[in-house]
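Novice: A predicted structure for the sequence below; I have some questions about it.
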Amino acid sequence: MWRSERGIALVWLAVILGVTALLLVVGIDLLRVWVLWGRLQKAVDAAALAGAGSARVREEVDARGTVYAREVLLDPVEAKQEAEKVLNANLAELGVVEAGVVEVSRVITVRDNWVEVQLVVEARRFMPPPWDVITMARTAKAEFVVAGP
Amino acid sequence: MRRVLIAVLLAAFLAALLLPDRAVQEGDLGYLLYVDDHFLSLDKTDRQFTTAAVHTGPPGVVMLRCSGSGDVVALRPGALQLVVVEDNRIRGYSFSGSSMVPDPRLEVAFPGVRAVAWTSDGRFLAAASDSRVRVWGLDSEGRLRQISQWSLAGSELVALEGGPGADLWLVEQRKAVRYGFTGSGWAPLAGDSFALEEGKAASWDSRRQALAVLDGSKVRCFALSASGFVEVLQWEAEVAGACGVAVHGLGYSVIVGRTARSYGYGPAGVVRIPALDLDLGGEGLGAATSPWGEFEWVAVTPWGVRYAGWGGSGWVFDPARSVAGAIGGGVIADHAEFRSVVFPALVPVFKVRLEVEAQVPAGSEVRYEVSTDGGSRWVELVPGVNTLVPEGNAVVYRMLLFRGTSARGPEVDRVVLAQIAYRYLPGRVGGFVRLVK
């Protein structure tokens, strides 16, 4: 039994501060995950665009400069290298690695006139186990479109 | 100094070696082969292999050869009307004021018809096959009405021509016989028959009352005298390889190959006048005398009957009195080949494209082929389709023309053969990238 209700405000204050701190931590964590999510998406988008952008166009022309046909030439090795290069650069520049993100896998697929980049990472959260790690999978697909002759 | 000179020469040599390839890469495409054969003005024919007829004059076509046309056109004296033998029929044309238009009144079927002639008085039209001669008069509406016919035994008909008045000359391979008009029919005149070595064509000259006959390699003339027709050796000319003769005020024109050679009557005999030769643009098939003007005549060509007149300094064709498409009863070849000359290429050829302008009647066909090894191996081309060919440094193309079931066969006006090269563009120039959602 409480003999007096003096100091109850302090208790309430502590509780409120605790809950607020908890909410703040959760909010910051979610915000961090959201930002990370967006940065990863931008990174894979850029990688896919860079890979597809490495394509060249082969024209069939005659002596008068008449263009009869245009064809996309997408070198799988070159496209993959270009996508890798841009992906690595963006991951580094966006501070993804420093944010404690561990890359789980990346798959870069090149076909005909398109490049697809799939990235799976694990990021630490400010949460107790088993919520202390979140797995994020991001995918982007870019295609090269030939302008008409 | 010597080293510098050697270096400069070496650099020039390397540049010359690399230039063609670089040119294609950098967009200077002038090194690519581009053949534009417009047969109206150009002739890039390999005569050794070509069996098709190539007409570089109007209308400028490559087509199947036509031969053995015979005496297939006749102009009516006193009226601007002419008749042409075609497809077992006689077709008539009348002058409309601006051109010769078909005249159904002068049309009649006559199976096997090979020659046609108007009498000099313009009253009768005669036509002959190898076995029969038929003669028509004209009714009040100008329609043909048959008035006489007779059979020919074992005739090798060459020409049917007018004669004095309403008489006719029937020219066979071995003889020329005059048929006199009796008032109700025609009968051979025994006194006016001449032996021929190899009669080929004939033309009646109503002004001089003379018949010019192409006999073997000679033009022989038979003129009317007080005692009948006699041969005039003074008007004779030696002409090898001729297929037709037309008489006019100057003398006569003889069709030899694609040229109408001009001959004039001189005091010492017939003289050749090369300056007045007329290029027919293709191989001529025959000729006919015109009763419409003293210095006028007609050439029969594979693309029609072409009317020639005196243009002041030479012969010129008059389209208004010509009849396009009327080729007479000639025999058109079943197939033929046109082969071009070899076109060298500066950069190796591996792909070509063909565009053509041609008239291909239903039932006929033209096949186009190209070779990059001088004619050993041929690749068929479809017009408008870029086609891979074995790599080579020269191109020759050929056209195989087939008449099939068509009467005239195909005609090709123009061929454009373009070497196709690859040009590589960076992606940012030749297209764009986008995300696929």
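Specialist: Noted; the coordinates are in hand.

Novice: tell me the mean pLDDT for stretch B:30-50?
Specialist: Averaging pLDDT along stretch B:30-50 yields 83.

Novice: do that stretch and chain A meet at all?
Specialist: Yes. Shown here: stretch B:30-50 in contact with chain A (Cβ under 8 Å from any Cβ of the partner chain) through B:Gly30, B:Tyr31, B:Leu32, B:Leu33, B:Tyr34. (C-beta placed from N, C-alpha, C; glycine too.)

Novice: Neighbours of the third one, how many?
Specialist: Read it as B:Leu32. 22 (other Cβ atoms under 10 Å in any protein chain shown).

Novice: Run the chain-centre distance for the strand or helix carrying B:Val370.
Specialist: Here B:Val370 sits within strand B:365-371, counting by DSSP states H and E. Distance of strand B:365-371 from its chain centroid, counting by Cα atoms, centre = their mean, to the nearest Å, is 23 Å.

Novice: Who are the packing partners of that strand?
Specialist: Contacts defined by 3 or more Cβ pairs under 8 Å, 6 or more residues apart in numbering or on different chains; DSSP states H and E place strand B:365-371 against strand B:343-359, strand B:379-381, strand B:387-402, strand B:411-419.

Novice: got the angle for that strand vs strand B:411-419?
Specialist: Here strand B:365-371 runs at an angle of 30 degrees relative to strand B:411-419 (axes from the mean of the first three to the mean of the last three Cα atoms, to 10 degrees).

Novice: Indicate the residue of chain A located nearest to chain B.
Specialist: Per Cβ to the nearest Cβ, A:Val57 is where chain A lies closest to chain B, at 2.7 Å.

Novice: Per-residue pLDDT of the spatially closest residue to that residue that is not a sequence neighbour, please?
Specialist: Nearest residue to A:Val57 in three dimensions, chain neighbours excluded: B:Gly430, at 2.7 Å (Cβ to Cβ, 6 or more residues apart in numbering or on different chains). B:Gly430 is assigned a predicted lDDT (pLDDT) of 81.

Novice: re earlier: in the strand holding B:Val370, what's buried?
Specialist: Neighbour counts over strand B:365-371 (16 or more other Cβ atoms under 10 Å in any protein chain shown) mark B:Val366, B:Tyr368, B:Glu369, B:Val370, B:Ser371 as buried.

Novice: The residues you listed into TSV, with extra columns for pLDDT?
Specialist: Formatted as TSV, those follow (pLDDT from 0 to 100):
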residue	pLDDT
B:Val366	96
B:Tyr368	97
B:Glu369	97
B:Val370	96
B:Ser371	96
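
Novice: returning to that earlier point: might you report the residue contacts of the residue of chain A closest to chain B?
Specialist: A:Val57 sits next to A:70-73, A:146-147, B:424-427, B:429-431 when contact means Cβ atoms under 8 Å, 6 or more residues apart in numbering or on different chains.

Novice: Report the buried members of those residues.
Specialist: Counted by 16+ other Cβ under 10 Å, these give A:Arg70, A:Val72, A:Leu73, A:Val146, B:Leu425, B:Gly427, B:Gly430, B:Gly431 as buried.

Novice: what packs against whichever strand or helix holds A:Leu10?
Specialist: Following DSSP H and E, one finds A:Leu10 within helix A:8-53. Here helix A:8-53 touches helix A:76-93, strand A:101-111, strand A:114-124, strand A:133-146, strand B:431-435, going by 3+ Cβ pairs under 8 Å, 6+ apart.

Novice: right, so these: which one is the most enclosed?
Specialist: Stretch with highest mean neighbour count among those: strand A:114-124 (a mean of 20; mean count of other Cβ atoms under 10 Å in any protein chain shown).

Novice: Run the angle between that one and strand B:431-435 for me.
Specialist: Angle of strand A:114-124 versus strand B:431-435, following the same axes, to 10 degrees, is 40 degrees.

Novice: strands paired with strand A:114-124, and their directions?
Specialist: strand A:101-111 (antiparallel), strand A:133-146 (antiparallel) (DSSP bridges).

Novice: Lowest average pLDDT across those?
Specialist: Mean pLDDT is lowest for strand A:101-111 among these, at a mean of 89.

Novice: Just the CA trace of that strand, in PDB.
Specialist: Below are the C-alpha coordinates for strand A:101-111, written out as PDB (Å, rounded to 0.1, in the frame of the first residue of the first chain):
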ATOM      1  CA  VAL A 101      24.900  -4.500 -44.300                       C
ATOM      2  CA  VAL A 102      26.200  -7.900 -45.200                       C
ATOM      3  CA  GLU A 103      25.700  -9.000 -48.800                       C
ATOM      4  CA  VAL A 104      24.200 -12.400 -49.000                       C
ATOM      5  CA  SER A 105      24.000 -12.900 -52.800                       C
ATOM      6  CA  ARG A 106      23.900 -11.000 -56.100                       C
ATOM      7  CA  VAL A 107      22.700 -12.500 -59.400                       C
ATOM      8  CA  ILE A 108      23.200 -10.600 -62.700                       C
ATOM      9  CA  THR A 109      21.400 -12.000 -65.600                       C
ATOM     10  CA  VAL A 110      22.000 -10.900 -69.200                       C
ATOM     11  CA  ARG A 111      19.700 -11.900 -72.100                       C
END
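
Novice: Which positions in the stretch 1-150 of chain B make contact with chain A?
Specialist: B:Gly27, B:Leu29, B:Gly30, B:Tyr31, B:Leu32, B:Leu33, B:Tyr34.

Novice: Hmm, the last one is touching B:Ala421, no?
Specialist: No. Counting by Cβ atoms under 8 Å, B:Tyr34 stays clear of B:Ala421, with 11.1 Å between them.

Novice: hang on, the earlier thing: and the strand holding B:Val370, which strands flank it?
Specialist: Checking strand B:365-371 against DSSP bridges gives partners strand B:379-381 (antiparallel), strand B:387-402 (antiparallel).

Novice: Return the most buried member of these.
Specialist: Using mean count of other Cβ under 10 Å, strand B:387-402 ranks as the most buried of the strands paired with strand B:365-371, with a mean of 18.

Novice: Tell me how far that strand lies from the chain's centre.
Specialist: Average the C-alpha atoms of strand B:387-402, do the same for its chain, and the two points are 27 Å apart (Cα atoms, centre = their mean).

Novice: and it, what's its mean pLDDT?
Specialist: Across strand B:387-402, pLDDT averages out at 95.

Novice: residues contacting the residue in the stretch 301-437 of chain B positioned nearest to chain A?
Specialist: Nearest to chain A, among the residues of the stretch 301-437 of chain B, is B:Gly430, at 2.7 Å (Cβ to the nearest Cβ). The contact partners of B:Gly430, taken as Cβ under 8 Å, 6+ apart, are A:Arg56, A:Val57, A:Glu59, A:Arg70, A:Val146, A:Ala147.

Novice: Was I right to think B:Phe124 contacts B:Val133?
Specialist: No. Taking contacts as Cβ under 8 Å, B:Phe124 lies outside contact range of B:Val133: 11.3 Å.

Novice: Tell me who's in contact with the closest residue to B:Pro390 other than its chain neighbours.
Specialist: Sequence neighbours aside, B:Thr372 is the residue nearest to B:Pro390 in space, at 5.5 Å (criterion: Cβ to Cβ, 6+ apart). By Cβ under 8 Å, 6+ apart, B:Thr372 lies in contact with B:Val349, B:Val389, B:Pro390, B:Glu391, B:Gly392, B:Asn393, B:Ala394, B:Val395.

Novice: can we see that at 7 Å?
Specialist: Contact partners of B:Thr372, counting by Cβ atoms under 7 Å, 6 or more residues apart in numbering or on different chains, are B:Val349, B:Val389, B:Pro390, B:Glu391, B:Gly392, B:Ala394, B:Val395.

Novice: Tell me, how many residues neighbour A:Leu31?
Specialist: Neighbourhood size, A:Leu31 [other Cβ under 10 Å]: 10.

Novice: Give me the local confidence score for it.
Specialist: 90.

Novice: export the helices and strands packed on strand B:365-371 to a markdown table and tack on distance to B:Val247?
Specialist: Below are the helices and strands packed on strand B:365-371 laid out as a markdown table (distance: least, Cβ to Cβ, whole Å):
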| stretch | distance to B:Val247 |
| --- | --- |
| strand B:343-359 | 35 |
| strand B:379-381 | 48 |
| strand B:387-402 | 35 |
| strand B:411-419 | 31 |
